[in-house]
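Q: Got a predicted structure plus its sequence, pasted below:
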Amino acid sequence: MINTCYGAVSKEIFQRAAQIRLLICDVDGVMSDGLIYMGNQGEELKAFNVRDGYGIRCLITSGIDVAIITGRSAKLVENRAKTLGITHLYQGQSDKLVAFEKILKEVSLTPEQVAYIGDDLIDWPVMQKVGLAVAVADAHPLLLPKAHYVTQIPGGRGAVRELCDLILQAQDKLDGAQGLSI
């Protein structure tokens, strides 16, 4: 077992994290808490965690790419991706595997070099293909036992940051991920 600031992880998970060159995130229930606030005019609001954003910026600055594949479409997700420097954004994806294959071609990576973090059954087809499949702590109960790693922190509350820190620590880049702003 290897100690992290979130608890001990197995050597296998640490070795998987050391190979990651791309993190793919779901949005609802992962980057947000899964709640969607609807206004009277149909506008949507979601809360994003600043710590997750900082972790994503740290990955990108360290040379690890980040992508989003989400089943829903919202302008605010596009805005969040742009703010964080995420250039691979696929919204409205009912079949996330199609978007996953496109991203792999764009970045010329193998599935083993990819981590995916999800929270629901729609994420499983991609999760079973990647080198590091991660479920947030409050993911659907059927997804939890299938993941390589389950975060200690729930979606929208810092789960993405936990994974970013794990990847950075496994690649000995965690100490260099300081002094950024988002």
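A: Looks like it arrived, so ask away. Numbering: from 1, shown residues only.
Q: what's the residue nearest in space to the middle of the chain sitting at in phi/psi?
A: By CA atoms, centre = their mean, the chain has its centre lying nearest to Cys25, at 3.1 Å. According to degrees, to the nearest 10, the main-chain angles of Cys25 amount to phi -120, psi 140.
Q: and if you look at the one 5 residues further on?
A: Comment: the main-chain dihedrals of Val30 come out as phi -120, psi -70, following degrees, to the nearest 10.
Q: Helix or strand: which one has the spatially closest residue to it that is not a sequence neighbour?
A: Nearest residue to Val30, sequence neighbours excluded (CB to CB, 6 or more residues apart in numbering): Gly155, at 4.7 Å. Where C-beta positions appear, they are placed from N, C-alpha and C, glycine not excepted. Here Gly155 is covered by no helix or strand, with elements defined by DSSP states H and E.
Q: so who does Gly155 touch?
A: Gly29, Val30, Met31, Ser32, Asp33, Gly34, Asp119, Val136, Ala137, Asp138, Ala139 (CB atoms under 8 Å, 6 or more residues apart in numbering).
Q: and what of Ile153?
A: Per CB under 8 Å, 6+ apart, neighbours of Ile153: Tyr6, Val136, Ala137, Ala159, Arg161, Glu162.
Q: let's go with 6 Å and repeat that
A: Ile153 sits next to Ala137, Ala159, Glu162 when contact means CB atoms under 6 Å, 6 or more residues apart in numbering.
Q: Thank you, goodbye.
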